[in-house]
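Engineer: Below are the sequence and a predicted model; questions follow.
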Amino acid sequence: MDKDFKSDRMINDAMQKYAMGIYKPGDNPLNGLHIQTAGFKTAVPNEVPIRLNHRIDYAFIDTDDVLHNVEFQSQFNASDSARFQLYNAALYFTYRDEVNYVVSYIVYPSHIRPKPTYVMQLTQGSLIFEPTLIFLHDYYAEDELSDILTKSEQGTMISNNDVSTLIFSLLMNRRSTFKELALKVFSIARNIEDKNRQEEVAGYIKSHVEKHISQEERTRLEEAIEMTFKEMLQQREDKGLERGLEQGLERGLEQGLERGLEQGLEQGEEKKICNQIKKKLAKGKLIPTIANELEETEQTIKSLIEKHRLGNESS
């Protein structure tokens, strides 16, 4: 049980940190948790400064020069407030010339049900520290995914903010079964524009699934996910092939996806040679002459004439 809990906690932590680490300037990393901040400016290294031998989970500075520190906890422990206050003070001391102040948030997954007694406050003399507590038990995945699902159904690529919500949704409360939720999240993930990120998110979903359903359900769900994953990869390959063929045929030298571009270049070059052969045949030129002018072998010219019936069309 302890081993399972530790494994589950590690997966949850990895998912949450990944969800927070994908932002670029202008994004709002806390949007999926209903916390409004100014736009993302820069991430902060997770090593706690001043040689405290600790690591923060995630922190960023926004365009209003506010430093936001986000910590993920699998259990509620009021005594953690001292450690988080230390992080808060160390971060402010280190970045005091760059930021106005530091705000701390502690995030708990849905299995932690908030209670009136769950208050995290450190009062030590004149020092008062009270971070914002966020309980994912208060968030319903279906509600949070509603707009993103609409985007997905319309074929709209989803944003970094949406990707973050997508991952956090698996740690939220839910009205449907976990299997139904996982399949919904997985289907939405197909519309993540960055294909490498698409596969990373899919991997996190599969890892999380393994800890929350029975072996029988897991087998059925993994089959469904595997099928969806294969469709996702095939869709990616088909789209790349289509784009590459188009680029190869129309422009020949512009960069495209490897497989499609190779085919497109080959077809484009062959089409070009065939057009030249037709023109030369129409002028009454013989195969040896055409081969010499096009710097191709006579056999190549004969093969193209037979393959595309160029002699019949020119006669």
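Structural biologist: Arrived safely.
Engineer: Going by secondary structure, the residue most central in space within the chain is in what exactly?
Structural biologist: Most central in the chain under Cα atoms, centre = their mean is residue 197, positioned 3.1 Å from the mean C-alpha point. Following DSSP states H and E, one finds residue 197 within helix 195-209.
Engineer: What mean pLDDT does that helix get?
Structural biologist: For helix 195-209, mean pLDDT rounds to 74.
Engineer: name the helices or strands packed onto it?
Structural biologist: Judged by 3 or more Cβ pairs under 8 Å, 6 or more residues apart in numbering; DSSP states H and E, helix 195-209 is in contact with helix 2-20, helix 160-169, helix 178-189, helix 215-250. C-betas here are computed from N, CA, C, even on glycine.
Engineer: ok, 6 Å please
Structural biologist: helix 2-20, helix 178-189 (3 or more Cβ pairs under 6 Å, 6 or more residues apart in numbering; DSSP states H and E).
Engineer: avg pLDDT for the first one?
Structural biologist: Per-residue confidence for helix 2-20 averages out to 61 on the pLDDT scale.
Engineer: For the next helix or strand after that helix, which strands pair with it and how are they oriented?
Structural biologist: Using DSSP H and E, the helix or strand that follows helix 2-20 towards the C-terminus is strand 40-43. Paired neighbours of strand 40-43 in the sheet (DSSP bridges): strand 58-62 (antiparallel).
Engineer: Can you give the distance from whichever helix or strand comes after the partner strand to the centre of its chain?
Structural biologist: Scanning forward in sequence from strand 58-62 by DSSP H and E, the next helix or strand is strand 66-72. Taking Cα atoms, centre = their mean, to the nearest Å, one finds strand 66-72 lying 22 Å from the centre of the chain it belongs to.
Engineer: likewise stretch 77-91?
Structural biologist: 31 Å.
Engineer: got it, and stretch 112-121?
Structural biologist: Relative to the chain's own centre, stretch 112-121 is displaced by 32 Å; criterion: Cα atoms, centre = their mean.
Engineer: Which positions within it qualify as buried?
Structural biologist: With burial defined by 16 or more other Cβ atoms under 10 Å, the residues of stretch 112-121 counted as buried are 112, 120.
Engineer: looking only at pLDDT, what's the mean for that stretch?
Structural biologist: 84.
Engineer: so how far does that stretch reach from one end to the other?
Structural biologist: Stretch 112-121 has an end-to-end distance of 18 Å (Cα to Cα, to the nearest Å).
Engineer: Likewise for stretch 73-86?
Structural biologist: OK, stretch 73-86 end separation, Cα to Cα: 16 Å.
Engineer: what sits up against that stretch?
Structural biologist: 9, 104, 106, 108, 112, 118, 120, 122, 129, 131 (Cβ atoms under 6 Å, 6 or more residues apart in numbering).
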